[in-house]
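> Kindly generate the corresponding structure for this input.
(one chain, ligands or ions: 2)
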Amino acid sequence: MTALAHAALEHLTELLGARCLTDQDSAQRYGVDWTKVWAPAPSAVLLPETIDEVQQIVEIANEHGLHLVPSGGRTGLSAGAVAASGELVVAFDRMNKVLDFNAYDRSVTVQPGVITQQLQEYAEQQGLFYPVDFASAGSSQIGGNINTNAGGIKVIRYGMTRDWITGLKVVTGKGELLELNKGLIKNATGYDFRHLFIGSEGTLGFVVEATVKLARQPRNLTALVLGVPGFQEVMKVLHAFQSELDLTAFEFFSDKAMAHVLAHGVSRPFDTDCPFYCLLEFEQVSEQTADQAMAVFERCVEQGWVLDGVMSQSLQQLDQLWQLRERISESIAPHTPYKNDISVTIDKVPEFVEAVDKVVQDAYPDFEIVWFGHIGDGNMHLNILKPEALPKEDFFEKCNNVSKWVFEIVQRYNGSISAEHGVGMTKKPYLGYSRSPEEIAYMKAVKQVFDPNNVMNPGKLFDL
Ligand SMILES: O=C(O)CC[C@@H](O)C(=O)O
Ligand SMILES: [Zn+2]
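Ligands and ions are numbered 1, 2, ... in the order given. Alright, predicted model coming up:
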């Protein structure tokens, strides 16, 4: 732990008692996310239980010139919730209750520390559905999802976290409590600050309560995994299925991603080895939908766009097929992956992937490039694995070159350097590839309004 001024520590201990932690184990546990690039070095970990305590923490931070880092499930991939410079971690683990359910509005009000899966299960108990879903749903918290505007595997049909938040209570960097939009569906009263806070990565204030809209439960979800000969064909298959069916997901992954996930213990869907695989999902509302899907499948095979395929026949098979996609990230984690989370509009995807692939392959032919992602919404995860013999430092240095080249291509294609993981510290130096100097200046001015003393997650998104 980095030492905290005596007076500040005394003040915080008075407020939180044993919920102000200064031991090494807590620092290591709460000071990081999944990026593991920066070593955790917070000066304390705070576990508030009420909005009032959060407000008082912010007031103390302003008074003593301290910096606060919000911490949810710590599953982030851009170092947005890392405390590497003596900050105070404010962890929302103790604010984890479902507060209210509103059957007519089909909405639920939750504290920020509610885990995504807990919210999904709660919705199910009410006969409803919370559709934002991703592999880390078992540990990510709703507050973190809001701070990063989390996306995931169902965006093609249901959108991002932003689309499901109808109300927010936030504590600003000045310690004020704001109630934003109050669960309303229609509200035409000027600036909607709710949307400023969603995706702001904790730089404007803390989310202390959220009202979340729920959907009807999907019926008879069915997945198809298809083997495809090339990337152009992935796009043709997407187009063919989307013309006939309302898809709930369209994911893709390369043969290399498939090899890692199979080595990780997931079962092979069929024998044919293919350069690319697509996983698509739809609601099989009637026999007719299944027939329609089969007809598109057959047409794709005739055209030579699909080499092999399998369709789930039960919920258990549906889950099994999803494992092929959802477990890629964990299966490559031991290879020190250098991660990218980039997007372009769907029409530009094949050209863009080819350009990025070429630039990396030409410079570093011994690097293993693993492509996968949410291709139905133009979001690709580019992971490059460290060759075993190459020291970590050399690998990261080379990856810095890769970042520059990749982001130049992103800029050329009018894409985003971060589609869904956020900017945090990992993408901060590259923000200018996606946002104009004028936009960044406005962002800084907005931060100044809500957080004039720069106490809220400083050094994330941009430096002042
Ligand atoms: O590990 C990654 O690069 C992506 C993680 C996650 O966003 C996913 O889509 O699986
Ligand atoms: Zn993803």
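> Any stretches of the protein with poor pLDDT?
Scanning the chain with the threshold set as pLDDT under 70 gives 1-3.
> How about the residues of the stretch 201-350 of the chain by ligand 1?
Neighbours of ligand 1 within the stretch 201-350 of the chain, by Cβ under 6 Å from any ligand atom: 329, 339. No exception for glycine: its C-beta is placed from N, CA and C like everyone else's.
> What residues does the residue of the stretch 201-350 of the chain found nearest ligand 1 make contact with?
Nearest residue of the stretch 201-350 of the chain to ligand 1, counting by Cβ to the nearest ligand atom: S329, 3.4 Å away. For S329, the contact set (Cβ atoms under 8 Å, 6 or more residues apart in numbering) comprises 135, 381.
> Equivalent analysis for H381, please.
Applying Cβ under 8 Å, 6+ apart, the residues contacting H381 are 329, 339-341, 371-373.
> got TSV for the residues you listed, with distance to L66 and secondary structure too?
Shown next, in TSV, are the contacts of H381 (distance: Cβ to Cβ, whole Å; DSSP: H, G, I helix; E, B strand; the rest coil):
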residue	distance to L66	secondary structure
S329	34	helix
K339	31	strand
N340	33	strand
D341	31	strand
W371	42	strand
F372	40	strand
G373	38	strand
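> List just the nearest of these to I165.
When the contacts of H381 are compared for distance to I165 (Cβ to Cβ), D341 wins out at 21.1 Å.
> What's the local residue count around the nearest residue to the closest one once chain neighbours are set aside?
Nearest non-adjacent residue to D341, counting by Cβ to Cβ, 6 or more residues apart in numbering: H421, 4.3 Å away. A count of nearby residues for H421, using other Cβ atoms under 10 Å, gives 24.
> Which of the three states applies to H421?
Secondary structure, DSSP: H, G, I helix; E, B strand; the rest coil: H421 is coil.
> So it is in contact with S78, correct?
Yes. Assessed by Cβ atoms under 8 Å, H421 is found in contact with S78 at 4.8 Å.
> Go through the chain and flag its longest helix.
Taking DSSP state H as the criterion, the chain has its longest helix at helix 392-412.
> got the CA coordinates for the helix or strand hosting I156 in PDB?
Assigned by DSSP states H and E, I156 belongs to helix 155-158. C-alpha atoms of helix 155-158 as PDB (Å, rounded to 0.1, in the frame of the first residue of the first chain):
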ATOM      1  CA  VAL A 155     -25.700  -6.500 -29.200                       C
ATOM      2  CA  ILE A 156     -26.900  -7.200 -32.800                       C
ATOM      3  CA  ARG A 157     -30.400  -7.700 -31.400                       C
ATOM      4  CA  TYR A 158     -30.500  -5.900 -28.100                       C
END
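> now the helices: where do they sit in the stretch 351-464 of the chain?
With DSSP state H, counting those that start in this stretch as the criterion, the stretch 351-464 of the chain has helices at 392-412, 437-450.
> Redo those helices as a markdown table? Include mean neighbour count and distance to ligand 1.
Listed next are these as a markdown table, based on neighbours: other Cβ atoms under 10 Å; distance: least, Cβ to the nearest ligand atom, whole Å:
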| stretch | mean neighbour count | distance to ligand 1 |
| --- | --- | --- |
| helix 392-412 | 16 | 13 |
| helix 437-450 | 14 | 24 |
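> Redo those helices as JSON lines? Include distance to S71.
Compiled in JSON lines, those are given as follows (distance: least, Cβ to Cβ, whole Å):
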{"stretch": "helix 392-412", "distance to S71": "25"}
{"stretch": "helix 437-450", "distance to S71": "20"}
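> Please name the nearest non-neighbouring residue to the residue of the stretch 351-464 of the chain found nearest ligand 1.
When scored by Cβ to the nearest ligand atom, the stretch 351-464 of the chain has H381 as its residue closest to ligand 1, at 3.8 Å. The shortest distance from H381 to any residue other than its chain neighbours is 4.3 Å, reached at G373 (Cβ to Cβ, 6+ apart).
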